[in-house]
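Novice: Take this sequence and fold it.
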Amino acid sequence: MILGCGGIGTHVAWNLAAMGVGTLYLVDFDIVELTNLNRQLLFDTEDLGELKVEVLKRKLSTIAPTAMVHAVNRKITDEPCLENLCRECGCDLIVKSADSPEALPRWMDNVCDRLEIDYINGSMTNTCFVVGPTYLSKEKSAGYSQMFPQNEEYTIVSGIRPSLSCQASQVSALISSEACRVLLKVSPLRYVNKVSFEDPISMRKMEIVADGSGIEPDEERSTGLNRNLLMLAVFFLLVSQLTGTDALIWIGSIILIAGGATVYSVPANAAGGVMVNVSLYFAAVFLTNMINNRFFSAVSDIGTSVASIFVMFILYSLIILIFSILAYILTLSRKKFKYLLEKNKGKRQWAA
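Specialist: As a prediction, the model looks like this:
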């Protein structure tokens, strides 16, 4: 079901029909207007004044004649109205591209939870488009109203939100590919527990993730910084070998722990990143000691050498485990401390 056949809905309908989706329910109540033509696909001046869903159905039927396209001319006015519509259609997936009523995201979450229907959210405002979250009913993932809770009703009383054709094309392509992954049960999905904002004009991006979902807000940046920490620690290792200062080796390991706890936002990711870095770091420590012949300098036979390697393996494994646990605890403590600071800051502002 495509809920809202405007700039996003028309593009998504064309994409899904062209890709072979068998049944589409097109839901809207509006007519084609001249101001729609700059961003809404398949409409032209000859369609002005006609119902959007009827025009879209007629044109999709000529593009994908084997698809079953249903035009549903209906306005969603409340939650029961949305639930009745979903029960009538019996769809597997909803693309929510309507931007009104303002309470629609909350109704979507409630209805899709009760009826166990998945949905993908998409919208545009100004020069920015928004994709996500992808709500999976079986997994009870985060819905839009959970990520952006509203304690009271609100209504837009004035102003318009402009949109561009390039926005509609980009956001619809992202939604359509996510819809294919959902329908074909291909994982991982891109927008589960995540909302992505992108401005194609200024090229700025931002992501919001659901708390407790285990998703790193900026995974690419975190991975890059974590790699840089390892290079910095290895630098201290090399200096320690050149100067014979063993204390620098432990300074390098402390950098990996503290840095990992700072770079990552998710404690489990911090522990995993530190575990990989510390493993590689101590492997380098072991190799440099072997090259300098310091590790086996006091070893007289092969048996003692094997025993020494085994002991060092156990020792290093314990160190790696302890360091990973420390990184987890530090990251968790940092999140708790940040939460308390923001909470107290909010109380002070409220008091002021």
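
Novice: Specify the beta-bridge partners of the residue nearest to the spatial centre of the chain.
Specialist: Nearest to the geometric centre of the chain sits Lys194, at 3.4 Å (C-alpha atoms, centre = their mean). Note on Lys194: beta-bridge partners Val209, judged by DSSP bridges.

Novice: OK, contacts around it?
Specialist: Lys194 makes contacts with Gly132, Pro133, Thr134, Glu207, Ile208, Val209, Ala210, Ser213, Ile215, as judged by C-beta atoms under 8 Å, 6 or more residues apart in numbering. Where C-beta positions appear, they are placed from N, C-alpha and C, glycine not excepted.

Novice: Report the separation between the fifth one and Asn121.
Specialist: Noted for Ile208: a distance of 12 Å to Asn121, by C-beta to C-beta, to the nearest Å.

Novice: got it, and the last one?
Specialist: As defined by C-beta to C-beta, Ile215 lies at a distance of 16 Å from Asn121.

Novice: what's the answer for the fourth one, then?
Specialist: With distances taken as C-beta to C-beta, Glu207 is found 14 Å from Asn121.

Novice: Compare the two (neighbour count), which wins?
Specialist: Asn121 (25 against 16; other C-beta atoms under 10 Å).

Novice: How is the more buried one assigned, secondary-structure-wise?
Specialist: Assigned by DSSP: H, G, I helix; E, B strand; the rest coil, the conformation of Asn121 is strand.

Novice: so it bridges to which residues?
Specialist: Lys96.

Novice: And the pLDDT for it?
Specialist: pLDDT recorded at Asn121 is 95.

Novice: Now do the same contact list for it.
Specialist: Lys96, Pro105, Met108, Val130, Val131, Gly132, Pro133, Thr134, Tyr135, Tyr144, Val195.

Novice: Can you lay out these as CSV showing distance to Asp78?
Specialist: Converted to CSV, these look like this (distance: C-beta to C-beta, whole Å):
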residue, distance to Asp78
Lys96, 16
Pro105, 14
Met108, 12
Val130, 24
Val131, 26
Gly132, 25
Pro133, 23
Thr134, 25
Tyr135, 20
Tyr144, 18
Val195, 25
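
Novice: can you tell me which of the residues you listed are in strands?
Specialist: The strands, defined by DSSP state E, take in Lys96, Val130, Val131, Gly132, Pro133, Thr134, Tyr135, Val195 from the contacts of Asn121.

Novice: Looks to me like Ser100 is in a strand.
Specialist: No. In this structure, Ser100 is coil, not part of a strand, as judged by three-state DSSP.

Novice: Show me which pair in the ones in strands among the contacts of Asn121 is furthest apart.
Specialist: Val130 and Tyr135 (14.3 Å; C-beta to C-beta).

Novice: Tell me which of those two has more neighbours.
Specialist: Legend: neighbour count by other C-beta under 10 Å for Val130 and Tyr135, higher for Tyr135 (28 against 18).

Novice: For the stretch 201-350 of the chain, which segments count as helices?
Specialist: Taking DSSP state H, counting those that start in this stretch, the helices of the stretch 201-350 of the chain run over residues 219-243, 247-263, 267-291, 302-351.

Novice: what about those, which gets the closest to Ala173?
Specialist: Comparing the helices of the stretch 201-350 of the chain by C-beta to C-beta, helix 219-243 comes nearest, at 20.6 Å.

Novice: who does the closest one touch, helix- and strand-wise?
Specialist: Applying 3 or more C-beta pairs under 8 Å, 6 or more residues apart in numbering; DSSP states H and E, we find helix 219-243 packed against helix 247-263, helix 267-291.

Novice: Show me what counts as buried in that helix.
Specialist: Neighbour-count burial for helix 219-243, counted by 16 or more other C-beta atoms under 10 Å, picks out Ser222, Leu225, Asn226, Leu229, Leu230, Ala233, Val234, Phe236, Leu237, Ser240, Gln241.

Novice: what angle do that helix and helix 267-291 make?
Specialist: Relative orientation of helix 219-243 versus helix 267-291 (axes from the mean of the first three to the mean of the last three C-alpha atoms, to 10 degrees): 30 degrees.

Novice: With mean pLDDT and distance to Cys180 as extra columns, can I get the helices and strands packed on helix 219-243 in JSON lines?
Specialist: Shown next, in JSON lines, are the helices and strands packed on helix 219-243 (pLDDT from 0 to 100; distance: least, C-beta to C-beta, whole Å):
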{"stretch": "helix 247-263", "mean pLDDT": "86", "distance to Cys180": "34"}
{"stretch": "helix 267-291", "mean pLDDT": "83", "distance to Cys180": "28"}
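
Novice: Nearest to Ala17, out of these?
Specialist: helix 267-291 (39.4 Å).

Novice: Sort out which residues of that closest one are buried, please.
Specialist: For helix 267-291, by 16+ other C-beta under 10 Å, it's 267, 269-279, 281-282, 284-285, 288-289.

Novice: Any chance you could list what contacts it?
Specialist: In this structure, residues lying in contact with helix 267-291 by C-beta under 8 Å, 6+ apart are 214, 216, 222-223, 226, 229-230, 233-234, 237, 241, 249, 252-253, 256-257, 260-261, 263-264, 295-296, 312, 316, 319-320, 323-332, 335.

Novice: Selecting buried members of those residues in PyMOL, what would you type?
Specialist: Buried residues within those, by 16+ other C-beta under 10 Å, are selected in PyMOL with:
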select buried, resi 216+222+226+229+230+233+234+237+241+249+252+253+256+257+260+261+263+264+295+316+320+323+324+326+327+328+330+331+332
